[in-house]
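Q: Predicted model and sequence follow; I will ask about them next.
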Amino acid sequence: MTSLGRHGRAFASAAFLLLLIIVVGAGVAVLPTFSHAQSTQTARAPVGGRFMLQAHDGKVMTDQDFRGRFMLITFGYTWCPDVCPMALSTMSEALEELGKDAEKVVPVFVSVDPKRDTVSRLDAYVEHFHPRLVGLTGPKPMIDKTAERYKVKYAMVADKDGDPDGYTVDHTASVYLMGPHGEFRVKFMYNIDPEAMAARIREALAE
């Protein structure tokens with residue numbers, strides 16, 4: 001994705017906040033519906049669902065923007081010292097392993113630290129990993145709802161020295177493969193080998 005300039009980011013952020021006000025005012029029913037087609041989860045507790053967040057280039061994106069492609073998605077935060085970089089590196093290496101088939105898969109990183117993970121910070125962060133990695137952030141209520149739908153837990157851990165901005169975030173470190181209809185396919189542990197991840201993705205692409 002092409003990065004926006006400073007004025008473009010400001011406009012995109014303002015537009016996103018306006019859209020958020022409209023959505024909250026109208027209720028969540030205006031968000032796109034989630035397709036349960038071919039889902040391997042029970043109807044009672046599906047993994048995944050609708051969301052509306054802001055991408056690292058300032059664009060507003062929903063789950064519908066990923067329809068027709070597989071989505072390899074994980075949650076974390078840019079200040080994460082080890083788990084998140086490891087998960088994102090594994091995702092990137094797995095996509096490289098897939099060769100041309102990787103074009104059918106979109107890697108996605110959702111921040112659970114919207115206070116510090118601004119659009120501009122996400123934009124700089126995703127550059128260190130796969131060139132097609134999409135970073136997503138947004139207001140905490142929308143992050144909370146997205147995390148809930150992906151069965152992701154997270155909690156702020158205060159800095160031991162009292163620095164209000166020095167907190168860490170404990171969070172679920174799994175990576176999820178979602179199908180082209182938004183249906184859950186596979187849950188990977190964060191420490192899986194890239195080759196094993198690529199092999200399982202290849203199987204899902206062939207199904």
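A: Sure thing, it's come through. Residues are numbered from 1 along each chain as shown.

Q: Just give the nearest non-adjacent residue to residue 79, would you?
A: residue 116 (6.3 Å; Cβ to Cβ, 6 or more residues apart in numbering). All C-beta spots, glycine's among them, are computed from the backbone N, C-alpha and C.

Q: Can you report how many residues lie near the one you found?
A: By other Cβ atoms under 10 Å, the residues close to residue 116 number 14.

Q: and if you look at the one 3 residues further on?
A: Counted by other Cβ under 10 Å, the residues lying close to residue 119 total 23.

Q: Confirm for me that it is in contact with residue 58.
A: Yes. Counting by Cβ atoms under 8 Å, residue 119 touches residue 58, with 5.6 Å between them.

Q: mind listing what the most far-flung residue of the chain relative to its centre touches?
A: The centre of the chain is farthest from one residue, residue 161, which by Cα atoms, centre = their mean lies 30.6 Å away. Shown in contact with residue 161 (Cβ atoms under 8 Å, 6 or more residues apart in numbering): no residues.

Q: pLDDT score assigned to residue 8?
A: pLDDT for residue 8: 50.

Q: next one: residue 192
A: Residue 192 is given a pLDDT of 95.

Q: for the protein, what helix or strand is lowest in average pLDDT?
A: Across the helices and strands of the chain, mean pLDDT, DSSP states H and E gives its lowest value to helix 6-26, namely a mean of 46.

Q: next structured bit after that helix?
A: Downstream of helix 6-26, the next assigned helix or strand under DSSP states H and E is strand 52-55.

Q: Was I right to think the residue nearest to residue 79 contacts residue 122?
A: No. Using Cβ under 8 Å, residue 116 is not in contact with residue 122, being 10.2 Å away.

Q: List the buried residues for stretch 152-168?
A: Across stretch 152-168, burial judged by 16 or more other Cβ atoms under 10 Å covers 152, 154, 167.

Q: Can I get that stretch in PDB? Just the C-alpha atoms.
A: Provided in PDB are the C-alpha atoms of stretch 152-168 (Å, rounded to 0.1, in the frame of the first residue of the first chain):
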ATOM      1  CA  VAL A 152      -8.200 -13.000  21.400                       C
ATOM      2  CA  LYS A 153      -7.600 -12.000  25.000                       C
ATOM      3  CA  TYR A 154      -5.300  -9.100  25.900                       C
ATOM      4  CA  ALA A 155      -4.600  -7.000  29.000                       C
ATOM      5  CA  MET A 156      -2.400  -4.100  29.800                       C
ATOM      6  CA  VAL A 157       0.500  -4.700  32.300                       C
ATOM      7  CA  ALA A 158       1.600  -1.500  34.100                       C
ATOM      8  CA  ASP A 159       5.200  -0.500  34.000                       C
ATOM      9  CA  LYS A 160       7.000  -1.500  37.300                       C
ATOM     10  CA  ASP A 161       8.600   2.000  37.500                       C
ATOM     11  CA  GLY A 162       5.300   3.800  37.100                       C
ATOM     12  CA  ASP A 163       5.800   5.100  33.500                       C
ATOM     13  CA  PRO A 164       2.300   5.500  32.200                       C
ATOM     14  CA  ASP A 165       3.500   4.900  28.600                       C
ATOM     15  CA  GLY A 166       5.900   2.100  29.500                       C
ATOM     16  CA  TYR A 167       3.300  -0.600  29.900                       C
ATOM     17  CA  THR A 168       3.400  -3.900  28.100                       C
END
